[in-house]
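Peer 1: Make a model of this:
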Amino acid sequence: MDFNIGRMKKRIKSIKKQMIEKTPVQALFFFLYFVVFSFSTQAQNVNHWEMGVTASDTWRYFPGTSEPNANWNTIGFDTSSWSIGPGGIGYGDGDDGTIIANVPSVYLRRVFNIVDVDKIAQLILDIDYDDAFVAYINGEEIARANIDGKKPSYSTYANNYIEAQMYSGGLPQRYILPESIIEEHLLTGNNVLAIQVHNYNATSSDLSSNAFLFLGINDNSSNYRALPTWFESPFAFASHLPLLIIETYGKTIPDEPKIHASLKVVDHQDGEMNNYLDEATTQYTNIGIETRGQSSLYFFPKKSYGFELRDDAGEGINDTLLGLPKEEDWVLYAPYSDKTMLRNAITYQLGRKIGSWQPRFKYCEVYLNGDYQGIYLLLEKIKRDKNRVDISKLRTDEIAGDSLTGGYIVKVDKIQDLSQNEYFYTYPTIRYPNTRNYAFTYVYPKADNIVWEQKNYINDFLAEAETSLNGSDFTNPTTGYAKYFDVNSFVEFQIMNEFANNVDGYRFSTYFHKQKDSKGGKLFAGPLWDFNLGYGNVDYAPDNLSTSQWLYNKYGSGDWQPMHWWARLMEDPNYQEALYQRWTELRSGPLSNDSILADMQEMIDHLGTAIDRNYDKWPIIGEYVWPNFDYQNTSYSQEYEFLAKWMIFRLEWMDNQITSTTGLFDRNQSIRELSVYPNPVRDRLNIRFELNSTSSLEINLFDVLGKLVYQSSNEPMSVGLQNIALNLPQLKAGYYTLSIQQSNQIIGRQKVIVNP
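Peer 2: Numbering: from 1, shown residues only. From the prediction side, this is the model:
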């Protein structure tokens with residue numbers, strides 16, 4: 001049994017008198033009872049909570065324009081030369097009790113009194129900061145975030161930009177402090193909470209430092225202050241979802257490399273609820289963890305993580321998590337900008353239903369250093385494994401013959417943060433017009449493990465495959481692209497990216513994998529990854545917000561230009577036939593309207609009350625989170641309704657386009673690339689299309705009963721790309737039909753949803 005020796009020594013002193021008054025046998029039993037029961041339940045022995053320190057208290061502070069005295073964070077330090085004022089101390093955002101000038105850092109101290117340390121069972125530090133901090137009690141570090149160094153100097157800047165949350169309605173970050181802080185450093189009488197807060201850079205627009213210290217009292221005594229209305233006990237709820245409880249021992253989780261942490265899993269199953277204080281169903285004392293992501297890493301306070309299960313020697317170990325197949329590498333994905341928390345999950349689930357391996361997942365709730373973080377997806381990381389991407393293992397000594405030909409996993413993705421040895425460009429001998437060279441990143445084998453012969457092989461294979469695709473004989477089933485590509489995988493990959501109208505589709509997070517020649521030797525498209533900005537969840541790309549715009553032939557420049565591979569494939573009638581047949585099959589199965597809506601409803605029902613807890617922690621419903629388009633929805637149900645309507649419109653538009661093998665993707669002779677966005681719409685509708693005729697144009701909008709509710713004037717047009725914005729009248733929420741007429745003929749028609 002584990003218990004804290006320091007705590008035991010301290011508590012032994014407090015019961016020594018009682019033991020003296022007992023017989024030796026009584027004393028022995030008293031001591032054993034104390035050890036077995038008192039210590040094993042210490043973390044649960046909180047009768048109630050009170051507040052010891054609040055942000056609005058009067059604090060002593062020292063602006064970080066020079067280094068403070070080395071003992072500044074100890075109880076006996078003389079602060080008479082320091083400034084004094086109400087917290088928080090900072091500037092910008094309007095959340096500061098005392099405003100100071102722009103400085104690299106600020107040092108804070110607040111003396112607080114503990115009446116009886118033996119009655120303190122738990123300590124919680126809640127802190128709202130911008131951009132980094134280190135906190136101490138009586139000179140001992142108790143928590144930190146976003147900054148390195150044992151005692152960072154006054155001029156050290158934060159690792160990343162972190163935005164405070166409370167001024168915009170959010171909650172501070174929580175740290176449940178180890179019992180050792182109470183046992184070894186908290187005193188009866190005066191104590192000091194000391195905090196150094198650091199800016200991100202010299203030109204930062206804000207600096208925040210709002211700190212609260214909460215005391216878990218083990219009896220009915222009341223010697224401190226009432227709690228703020230937003231405070232909730234960290235142990236107040238039990239969840240039907242599994243709990244993943246991560247402890248980093250005061251360290252900030254960096255982008256890389258992974259740091260040491262522990263992982264406690266509470267997953268009782270069989271309908272039994274899970275509580276933070278429950279004994280672990282699985283315990284990992286050694287994991288390596290790091291943050292992951294790109295935009296989300298810098299802009300979102302709810303972070304995603306990658307972690308590895310390790311043994312005591314630090315070597316990776318395979319194990320099952322939450323019932324998923326054994327592996328050592330995992331991803332904890334944090335749904336944030338996707339307020340439905342469904343987009344990635346439904347993509348992976350549909351991808352698996354279609355037939356190929358896609359990352360499996362489990363919804364869970366996460367605690368980090370005692371701070372509740374909300375709903376996460378535990379995801380299988382994309383990697384070579386018999387239970388994941390099932391391709392042949394490629395050893396470093398396999399440099400010739402069939403062994404060299406597989407297996408490989410590569411991806412087209414952003415490369416700006418990568419070293420040159422982590423990716424390569426293909427240079428086909430035949431170029432397709434107006435395309436770029438694509439940068440492929442090594443996924444398996446990793447860049448540090450792949451040898452030159454293997455690098456040369458996969459580079460040459462991809463260049464040869466692209467050359468064949470670009471060539472005039474590309475449709476030849478023997479010598480064309482079909483020699484290199486697994487056509488079915490490219491079709492299914494295209495269907496899912498088109499369905500999502502994924503803003504990053506065909507250009508970022510675009511994975512491929514290849515088997516050995518003895519196992520077919522083809523290049524497969526996939527697995528799918530990172531669809532949180534799909535399905536209309538984007539405000540900076542009108543084409544991707546639209547339900548009526550193809551993705552595969554989207555224009556762009558540089559990294560914004562999608563790979564042309566699928567546009568080229570669509571020039572082959574045989575590929576179109578394969579896409580048509582697979583689409584027709586899937587629309588009567590897993591991609592039917594009813595099947596997709598049922599899958600998503602099942603996910604929502606599974607999440608249940610955890611949805612409310614997540615948004616109590618992250619109150620972003622109705623708030624703009626990059627890059628939401630329809631961010632004014634005031635409830636989770638409205639977020640889901642927007643997603644569901646978008647999906648149905650998208651599917652039905654694709655049905656109308658993929659109608660036959662003879663007329664697949666044909667356009668009206670006088671209009672091309674009709675796109676209507678946003679859809680659903682409130683008051684301003686954008687229409688984009690190309691015209692081949694200069695005849696005057698008329699745009700009409702009809703309700704579900706066929707009544708004309710809007711009509712534009714006839715105006716002469718020019719040939720080419722048209723961008724028209726309609727300021728709609730106050731229309732009732734519902735379904736409408738947009739009709740575009742030229743020379744008294746309807747040349748374009750789209751469904752439109754009007755939201756209230």
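
Peer 1: Can you give the domain ranges for this structure?
Peer 2: Domain assignment for the chain by automatic domain parsing gives 5-40, 48-217, 238-337+361-380, 401-587, 667-756.

Peer 1: Dump these to TSV, plus distance to Phe629 and mean neighbour count.
Peer 2: The C-beta positions use only the backbone N, C-alpha and C, and glycine is treated the same way. Output for the domains of the chain, formatted as TSV (distance: least, CB to CB, whole Å; neighbours: other CB atoms under 10 Å):
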stretch	distance to Phe629	mean neighbour count
domain 5-40	52	12
domain 48-217	20	19
domain 238-337+361-380	11	18
domain 401-587	4	18
domain 667-756	6	15
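
Peer 1: Go through these and name the closest to Thr659.
Peer 2: domain 401-587 (8.5 Å; CB to CB).

Peer 1: for that closest one, how far is the first residue from the last?
Peer 2: Length of domain 401-587, first residue to last, CA to CA, to the nearest Å: 42 Å.

Peer 1: which intervals of this protein have sub-threshold pLDDT?
Peer 2: Scanning the chain for pLDDT under 70 picks out 1-44, 250, 295-298, 555-559, 660-673, 704-706, 714, 743-746.

Peer 1: need the helices for it, in chain order.
Peer 2: Here the chain has its helices, by DSSP state H, at 5-20, 24-33, 179-184, 295-299, 343-354, 401-404, 452-470, 487-500, 542-545, 565-569, 573-587, 593-607, 610-617, 636-657.

Peer 1: Backbone dihedrals for the residue nearest the centre of the chain, please?
Peer 2: Central residue of the chain (CA atoms, centre = their mean): Ala334, 3.4 Å from the mean position. When quoted as degrees, to the nearest 10, the phi and psi of Ala334 stand at phi -100, psi 100.

Peer 1: Next up, the contacts around it.
Peer 2: By CB atoms under 8 Å, 6 or more residues apart in numbering, the contact set of Ala334 is Ser296, Phe300, Lys302, Lys303, Ser304, Tyr305, Gln373, Gly374, Tyr376.

Peer 1: at 10 Å what do you get?
Peer 2: 291-293, 296, 300-305, 341, 366, 373-377, 532, 618 (CB atoms under 10 Å, 6 or more residues apart in numbering).

Peer 1: Can you flag which of those residues belong to strands?
Peer 2: Counted as lying in strands by DSSP state E, out of those, are Thr291, Arg292, Ser304, Tyr305, Val366, Gln373, Gly374, Ile375, Tyr376, Leu377.

Peer 1: Identify, from those residues, the entry nearest to Val117.
Peer 2: Gln373 (30.1 Å).

Peer 1: I figured that closest one hits Phe300, correct?
Peer 2: No. Checked against CB atoms under 10 Å, the pair Gln373 and Phe300 is beyond contact range at 11.7 Å.

Peer 1: Next, show the common contact partners of those two.
Peer 2: Joint contacts of Gln373 and Phe300 (CB under 10 Å, 6+ apart) are Ala334, Trp618.

Peer 1: Which residues are in contact with Pro234?
Peer 2: Pro234 touches 46, 49, 122, 124, 174, 176, 214, 216, 276-277, 367, 370-372, counting by CB under 10 Å, 6+ apart.

Peer 1: And Asp148, how far from Pro619?
Peer 2: 31 Å (CB to CB, to the nearest Å).

Peer 1: just so I have it, where are all the strands in the stretch 101-250 of the chain?
Peer 2: For the stretch 101-250 of the chain, the strands defined by DSSP state E, counting those that start in this stretch cover 105-114, 120-130, 132-137, 140-145, 173-176, 189-198, 208-217, 238-239, 243-247.

Peer 1: helices or strands next to the longest one in the packing?
Peer 2: Using 3 or more CB pairs under 10 Å, 6 or more residues apart in numbering; DSSP states H and E as the contact definition, the elements that strand 120-130 packs against are strand 48-53, strand 132-137, strand 140-145, strand 173-176, helix 179-184, strand 189-198, strand 208-217, strand 371-380.

Peer 1: Give me the angle between that strand and strand 132-137.
Peer 2: Angle, strand 120-130 to strand 132-137, by axes from the mean of the first three to the mean of the last three CA atoms, to 10 degrees: 150 degrees.

Peer 1: quick one, strand 120-130 and strand 48-53 angle?
Peer 2: Put simply, strand 120-130 runs at 50 degrees to strand 48-53, going by the same axes, to 10 degrees.

Peer 1: Distance from strand 120-130 to the middle of the chain?
Peer 2: Offset of strand 120-130 from its chain centre (CA atoms, centre = their mean, to the nearest Å): 25 Å.

Peer 1: cool, and the fifth one?
Peer 2: Using CA atoms, centre = their mean, the distance from the centre of strand 173-176 to the centre of the chain it belongs to is 20 Å.

Peer 1: Gly505 reaches Tyr552, doesn't it?
Peer 2: Yes. Counting by CB under 10 Å, Gly505 does reach Tyr552; the two are 8.2 Å apart.

Peer 1: Pull up the overlap in contacts between those two.
Peer 2: Common contacts of Gly505 and Tyr552 (CB under 10 Å, 6+ apart): Gln494, Asn497, Glu498, Pro562, Met563, Trp566.

Peer 1: Nearest to Arg749 among these?
Peer 2: So of the shared contacts of Gly505 and Tyr552, ranked by how close each gets to Arg749 (CB to CB), first place is Glu498, at 20.2 Å.

Peer 1: If we ignore the residues flanking it in sequence, what's nearest the closest one?
Peer 2: Leaving aside its sequence neighbours, Glu498 sits nearest to Leu551 (CB to CB, 6 or more residues apart in numbering; 5.4 Å).

Peer 1: can you tell me which residues contact that neighbour?
Peer 2: Counted by CB under 10 Å, 6+ apart, Leu551 has contacts 494, 497-503, 505-507, 534, 543-544, 562, 566-567.

Peer 1: same thing but 7 Å
Peer 2: Contacts here follow CB atoms under 7 Å, 6 or more residues apart in numbering; on that basis Leu551 touches Asn497, Glu498, Asn501, Asn502, Gly505, Tyr506.

Peer 1: Quickly check those for the two that are furthest apart.
Peer 2: Asn501 and Tyr506 (11.4 Å).

Peer 1: Who are the contact partners of Leu378?
Peer 2: Contacts of Leu378 by CB under 7 Å, 6+ apart are Leu244, Leu321, Leu322, Trp330, Leu332, Phe361, Lys362, Cys364.

Peer 1: Can you lay out these as a markdown table showing distance to Asn755?
Peer 2: Below are the contacts of Leu378 laid out as a markdown table (distance: CB to CB, whole Å):
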| residue | distance to Asn755 |
| --- | --- |
| Leu244 | 36 |
| Leu321 | 40 |
| Leu322 | 37 |
| Trp330 | 38 |
| Leu332 | 33 |
| Phe361 | 30 |
| Lys362 | 33 |
| Cys364 | 32 |
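
Peer 1: Farthest-apart pair in the residues you listed, please.
Peer 2: Top of the distance list for these (CB to CB): Leu244 and Phe361, 12.9 Å.

Peer 1: Which one, of the strands of the stretch 101-250 of the chain, ends up nearest to Tyr631?
Peer 2: Nearest of the strands of the stretch 101-250 of the chain (CB to CB): strand 120-130, 22.4 Å.

Peer 1: Show me what the closest one pairs with in its sheet, parallel or antiparallel.
Peer 2: Its sheet considered, strand 120-130 pairs with strand 173-176 (antiparallel), strand 208-217 (antiparallel) by DSSP bridges.

Peer 1: contacting residues around that strand?
Peer 2: Taking CB under 7 Å, 6+ apart as the rule, strand 120-130 contacts 42-43, 45-46, 114, 133, 135, 142-143, 145, 162-166, 172-177, 181-182, 186, 197, 206-218, 234.
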